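S.K.: next comes the sequence, and after it the predicted model I'd like to discuss.
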Amino acid sequence: MTTADPNLHVLRHPLIQHKLAVMRQAGTSTGEFRRVMREIATLMAYELTRDLPLEDTEITTPIAPMVAPMLAGKKLCVVSVLRAGHGMLDGMLDLLPSARVGHVGLYREPATRVPVEYYLKLPDDMAERDAIVVDPLLATGNSMAAAVERLIEYQARSIKVAVLIAAPEGLATFRLAHPEVPVFTCAVDAGLDEQGFIVPGLGDAGDRLFGTR
């Protein structure tokens, strides 16, 4: 976390930082980009779940019975912000295979950069679930703020945000809307260019992930 923002967590693990550098390179192929994003998401899932509650449970090993700590409740929901969020979704599910999955479809209106929602599907019991919202980039912050607002409307038990790269402008916008929601990122870059892309960033995450323009 940072002193300026106690709810901002920058994950500096060497494996995460190396893999992010691979993704940033312009020459990284679509397949490699997709694979490495999934790997980073799995590593991020490990960090995001450090505070999951445990309960003592009676089990039997091949040698003897014992009381061992196991997850209590297991009520998680990974929410993908379409479309680029899907690049992180499978990596999260590799570590959290029992988690439910939600989807929020948003696109930026080109002229105003205001997010427009075109799809929403969440579990009915969000009040009993801890939500992890995934999207590779937090650029302007408007789309993530809108996605989290929907989860608040659905009364999610708790909310965390996971992004690969954040821009200071996006963090500021998101904080104005949701000052209490933890944000986990692998890097905070310099800023945004005139088109709203993160600099130096990694380009358009969705296009690089799916091989589109």
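M.R.: Yep, it's here.

S.K.: and the strands in the protein?
M.R.: Under the criterion DSSP state E, the chain contains strands at 8-10, 54-60, 65-71, 76-82, 100-108, 115-121, 130-134, 137-138, 158-166, 183-188, 191-192, 198-199.

S.K.: flag every buried residue along the first one.
M.R.: Right, the one you point to is strand 8-10. For strand 8-10, burial by neighbour count (16 or more other Cβ atoms under 10 Å) applies to 8-9. C-beta here means a position set from N, CA and C on the backbone, and glycine is covered the same way.

S.K.: against which helices or strands is that strand packed?
M.R.: Using 3 or more Cβ pairs under 8 Å, 6 or more residues apart in numbering; DSSP states H and E, the elements in contact with strand 8-10 are strand 183-188.

S.K.: which among the strands of the chain is found nearest to Gly31?
M.R.: Nearest to Gly31, of all the strands of the chain, is strand 158-166, at 17.6 Å by Cβ to Cβ.

S.K.: partner strands of that closest one, with direction?
M.R.: Paired neighbours of strand 158-166 in the sheet (DSSP bridges): strand 130-134 (parallel), strand 137-138 (parallel), strand 183-188 (parallel).

S.K.: pull out the buried positions in stretch 147-165.
M.R.: Neighbour-count burial for stretch 147-165, counted by 16+ other Cβ under 10 Å, picks out 147-148, 150-151, 154, 156-157, 159-165.

S.K.: ok, Lys19 - contacts?
M.R.: 36, 39-40, 43 (Cβ atoms under 8 Å, 6 or more residues apart in numbering).

S.K.: how about a cut-off of 10 Å?
M.R.: Contacts for Lys19 (Cβ atoms under 10 Å, 6 or more residues apart in numbering) come out as 13, 35-40, 43, 164, 186.

S.K.: Pro200 too?
M.R.: By Cβ under 10 Å, 6+ apart, the neighbours of Pro200 are 24, 165, 187, 189-191, 193.

S.K.: who wins for neighbours among the residues you listed?
M.R.: Ile165 (22 neighbours; other Cβ atoms under 10 Å).

S.K.: that residue against Leu192, yeah?
M.R.: No: proximity of Ile165 to Leu192 does not meet the contact threshold set by Cβ atoms under 10 Å, at 11.4 Å.

S.K.: can I get the strands of the chain in a markdown table including distance to Leu93 and mean pLDDT?
M.R.: Formatted as a markdown table, those follow (distance: least, Cβ to Cβ, whole Å; pLDDT from 0 to 100):
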| stretch | distance to Leu93 | mean pLDDT |
| --- | --- | --- |
| strand 8-10 | 21 | 96 |
| strand 54-60 | 21 | 95 |
| strand 65-71 | 15 | 95 |
| strand 76-82 | 7 | 95 |
| strand 100-108 | 7 | 90 |
| strand 115-121 | 16 | 90 |
| strand 130-134 | 10 | 96 |
| strand 137-138 | 20 | 96 |
| strand 158-166 | 13 | 97 |
| strand 183-188 | 17 | 98 |
| strand 191-192 | 31 | 95 |
| strand 198-199 | 26 | 96 |
